[in-house]
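> one predicted model, sequence on top.
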Amino acid sequence: MQNGNKPLLSVRNLKTYFFQDEGTVKAVDGATFDVYPGKTLGIVGESGCGKSVTAQSILRIVDQPGRIVEGEIILRRADGSEVDVTRLHPDSKEVRDLRGAEIGLVFQEPMTSFSPVHTIGNQLIEAVRLHCGGNEKEARQHGIEVLRSVGIPKPERRIDEYAFELSGGLRQRAMIAVALSCDPRLLIADEPTTALDVTTQAQILDLLRELQKQRGMAIMLITHNLGVIAEMADDVVVMYLGRVVEAGPVDDIFHNPKHPYTKALLHSIPSIESAPRIKLPTISGSIPHPYNRPSGCPFYPRCESFMLGVCDAQEPALIAVNALQKVSCFLYQDR
Amino acid sequence: MSDKQSQVILDVKGLRKYFPIRRGILQQVVGNVRAVDDVTFYVNQGETLSLVGESGCGKTTTARCILRAYPPTAGQIFFRAEDGNVLEVAKLPPDQIQPFRRQMQMIFQDPFSSLNPRMTLLDIVGEPLLVHGEKDANKRTERVAELLRLVGLRPEYMRRYPHAFSGGQRQRIGIARALALNPRLVVADEPVSALDVSVQAQILNLMLELQEKLGLTYLFVAHDLSVVKHISTRVAVMYVGRIVETAPTEEIFSAPRHPYTEALMSSVPKPDPRLRSERIVLQGEVADPANPPSGCYFHPRCRYMTDVCKEKAPALEEITPRHYVSCHRARELTLRGVVNK
């Protein structure tokens, strides 16, 4: 791979807070992970765990009143130079050059992320001309090629259609086409299949895998669906309330989970492979409201291994438990 | 009446619901969206039948027709009331719908939009009691407290508003409201799909518990096969307004007989990286219910398609006891199911 084994993107202790009148929401509170070229990093977590805000932080599109307050996001460019995205101004030319050209983004809901009053072609050609240059005609030709590469039939005709004329699956393919139009080295897919049916989901996941093989790009796949993670990811980051609780290779996460949250989550999901009508083990309680974040380890009020005076007093650090796996839990730390 | 029949609480025969497509100044009907197109199934007392399928397959429309939220276009819906009388729901005159609904209640998908933010829990859960004639406020309060306890909420919370509760708790409120009138049949339309994964299990367990305790019958509408497997005693798979297969849960998952069921199960991502199997990925798109293909609706996407599939629509036949399949090749094909761990 290019750049040997160096990560394409390194996120270090990223903190993105939203400052509101009612209080501060610590959407991302110290996230650390790496994305390697040609590999898929899965980021998994439930609502409010900060997985989407992490993606938005990387592209510097965090909505007001959100702000990156700390941390680094190091992107290694094709020529080997490094840039810390957090130090750039969100409206600067440098950041706009990264979006689309270096990092592509696929959103969850293809219907709301396309403009309803412009054709697919308008939006695709705009992206191509903005990030890759070229004249209208070349950009259109390129657009048709990209649409073809994501498996849209009759792209010469589809390019002049509006988003509402396409089915959910085709719309998501078009969304991927826009994200890939400038050949980014990193594709961030934020819940790319959540709004789709299972059979369409299988098509889109196959497509992403195929495109990754062809282009050698890295994928950062954000989802709450553990099945999709197991199917797609090489490495996994498990997040809970803005923090990384566990990280490691996909096989270890599923077959040798360390953090009580990962374990409980894996046990509590209904699986198509378990016997019908049995009671599922559950995680007690629910995800705390962001204004009432627990002190100490964010998971302790729901944790079965909770240690009084330890878990509620200090925050555990993310430390390596073996060569590949990292966990943030006091069970694995010398206190 | 035979013994088998006396257990049937809901019997749907040839149900159709078409939505007209209107065009032009005169709003002339130019076609129909066949949302539900000849659906036949039954639900036994005390069981959970799941209607499963992809978006647009007509599962929600079927459920709404049964509740008479939509008037059906054609077909019969027989419902066995508490007193043993069988009602023809599809032909019920409007003034008799309300008393009938006491026996059939619904749990909605989204607990954020299905609870009125300006009403307290007492009002929300107590409203069905009021509508159905319980005028005594004290009795209502008592019953609401009992219901909240039943679904695992503290009765002291009954004067609070829905915003004070999390998604899982709100779904419990929705369940309490559905149970207020001691219904015999509960129609649950995607009751856990809006919830976080760690909370889904709590609600599924609650529904199983309540079923045992109160002898409820569920008609469960869902798209998530893992959830369906957990809650159902029998499963009916729908595709473009039709039922393609019905069987007891264990059987339909281990030995599906319809190619669509096989593909649907195969495309569910399994939460185990060691099982990155060769999935069956269906090509193309779900057929348009306004303009369905000839013959079997699934034939353009089917791996086992033959000439007869293009011409003739297969009937829903009982292949083995309680296993109904609508496929010309159901008897000869050996399809891949899901192996239990």
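Great, that's in hand.

> just confirm yes or no for stretch B:203-222 near chain A.
Yes - Stretch B:203-222 lies within reach of chain A by C-beta under 8 Å from any C-beta of the partner chain, at B:Leu204, B:Asn205, B:Leu208. Using the backbone N, CA and C atoms, a C-beta is placed for each residue, glycine as well.

> looking at those residues, which is nearest chain A?
B:Asn205 (5.3 Å; C-beta to the nearest C-beta).

> what about the helices in the chain?
Went with chain A since none was named. A:51-59, A:93-98, A:110-113, A:120-132, A:136-149, A:155-158, A:168-180, A:198-215, A:226-232, A:250-255, A:260-268 (DSSP state H).

> actually, chain B is the one I wanted.
Going by DSSP H, chain B shows helices at B:3-6, B:59-66, B:97-101, B:121-131, B:137-150, B:167-179, B:197-214, B:225-231, B:249-254, B:259-266, B:307-311.

> want to throw these into JSON lines with mean neighbour count and mean pLDDT?
Below are the helices of chain B laid out as JSON lines (neighbours: other C-beta atoms under 10 Å in any protein chain shown; pLDDT from 0 to 100):
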{"stretch": "helix B:3-6", "mean neighbour count": "9", "mean pLDDT": "47"}
{"stretch": "helix B:59-66", "mean neighbour count": "24", "mean pLDDT": "94"}
{"stretch": "helix B:97-101", "mean neighbour count": "14", "mean pLDDT": "86"}
{"stretch": "helix B:121-131", "mean neighbour count": "20", "mean pLDDT": "94"}
{"stretch": "helix B:137-150", "mean neighbour count": "16", "mean pLDDT": "95"}
{"stretch": "helix B:167-179", "mean neighbour count": "23", "mean pLDDT": "94"}
{"stretch": "helix B:197-214", "mean neighbour count": "20", "mean pLDDT": "92"}
{"stretch": "helix B:225-231", "mean neighbour count": "25", "mean pLDDT": "93"}
{"stretch": "helix B:249-254", "mean neighbour count": "20", "mean pLDDT": "95"}
{"stretch": "helix B:259-266", "mean neighbour count": "24", "mean pLDDT": "94"}
{"stretch": "helix B:307-311", "mean neighbour count": "14", "mean pLDDT": "94"}
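
> turn these into CSV, columns for distance to A:Phe330.
Formatted as CSV, these follow (distance: least, C-beta to C-beta, whole Å):
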stretch, distance to A:Phe330
helix B:3-6, 59
helix B:59-66, 46
helix B:97-101, 53
helix B:121-131, 38
helix B:137-150, 36
helix B:167-179, 27
helix B:197-214, 21
helix B:225-231, 32
helix B:249-254, 41
helix B:259-266, 41
helix B:307-311, 61
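
> figure out which of those helices is closest to B:Asp110.
helix B:167-179 (9.2 Å; C-beta to C-beta).

> so what does the closest one touch, helix or strand wise?
Packing partners of helix B:167-179 (3 or more C-beta pairs under 8 Å, 6 or more residues apart in numbering or on different chains; DSSP states H and E): strand B:104-107, helix B:121-131, helix B:137-150, helix B:197-214.

> so can I have a markdown table of these showing distance to B:Pro259?
Converted to a markdown table, the helices and strands packed on helix B:167-179 look like this (distance: least, C-beta to C-beta, whole Å):
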| stretch | distance to B:Pro259 |
| --- | --- |
| strand B:104-107 | 32 |
| helix B:121-131 | 43 |
| helix B:137-150 | 43 |
| helix B:197-214 | 29 |
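
> show me the residue sitting in the middle of chain A in space.
A:Ile222 (3.1 Å; C-alpha atoms, centre = their mean).

> now do it, the pLDDT please.
On pLDDT, A:Ile222 comes in at 95.

> can you count the residues close to the closest residue to chain A within the stretch 1-150 of chain B?
Here the stretch 1-150 of chain B gets closest to chain A at one residue, B:Glu54, 3.9 Å apart by C-beta to the nearest C-beta. By other C-beta atoms under 10 Å in any protein chain shown, 19 other residues sit near B:Glu54.

> how about the nearest residue to it, chain neighbours excluded?
A:Asp197 (3.9 Å; C-beta to C-beta, 6 or more residues apart in numbering or on different chains).

> show me what contacts the one you found?
Neighbouring residues of A:Asp197 by C-beta atoms under 8 Å, 6 or more residues apart in numbering or on different chains: A:Gly168, B:Glu54, B:Ser55, B:His223, B:Val286.

> A:Thr282 - how many residues pack around it?
Around A:Thr282 there are 20 residues (other C-beta under 10 Å).

> okay, now B:Ile280: neighbour count?
The number of residues near B:Ile280, taken as other C-beta under 10 Å, comes to 17.

> B:Ala330 versus the residue of the stretch 1-150 of chain B closest to chain A, what's the distance?
Remark: distance between B:Glu54 and B:Ala330 (C-beta to C-beta, to the nearest Å) = 21 Å.

> ok, the residue in chain B that chain A sits nearest to - contacts?
Nearest residue of chain B to chain A (C-beta to the nearest C-beta) works out as B:Pro269 at 3.2 Å. For B:Pro269, the contact set (C-beta under 8 Å, 6+ apart) comprises A:Gln201, A:Ala202, A:Leu205, A:Asn225, A:Gly227, A:Val228, A:Ala230, A:Glu231.

> cool, B:Val52 as well?
B:Lys59, B:Val221, B:Ala222, B:His223, B:Leu225, B:Val228, B:Val235, B:Ala236, B:Val237, B:Met238, B:Leu264.

> how about B:Arg22?
Contacts of B:Arg22 (C-beta under 8 Å, 6+ apart): B:Gln28, B:Val29, B:Val30.

> not counting sequence-adjacent ones, nearest residue to the closest residue to chain B within the stretch 101-250 of chain A?
Of all residues in the stretch 101-250 of chain A, A:Gly227 sits closest to chain B, at 3.2 Å by C-beta to the nearest C-beta. Distance criterion C-beta to C-beta, 6+ apart; nearest residue to A:Gly227, sequence neighbours excluded, is B:Pro269 at 3.2 Å.

> what residues are up against the spatially most central residue of chain B?
Compute the mean C-alpha point of chain B, and by C-alpha atoms, centre = their mean the closest residue is B:Val221, 2.6 Å away. By C-beta under 8 Å, 6+ apart, the contact set of B:Val221 is B:Ser50, B:Leu51, B:Val52, B:Lys59, B:Thr60, B:Thr62, B:Ala63, B:Val187, B:Ala188, B:Asp189, B:Glu190.

> try 10 Å this time
Residues in contact with B:Val221 (C-beta atoms under 10 Å, 6 or more residues apart in numbering or on different chains) are B:49-53, B:59-64, B:106-107, B:109, B:187-191, B:193, B:228, B:238.

> is it true that A:Leu331 touches A:Tyr300?
No - look at A:Leu331 against A:Tyr300 with C-beta atoms under 10 Å: they stay out of range, at 11.7 Å.

> overlap of the contact sets of these two?
Between them, A:Leu331 and A:Tyr300 share the contacting residues A:Pro260, A:Met307, A:Val310, A:Cys311, A:Pro316, judged by C-beta under 10 Å, 6+ apart.
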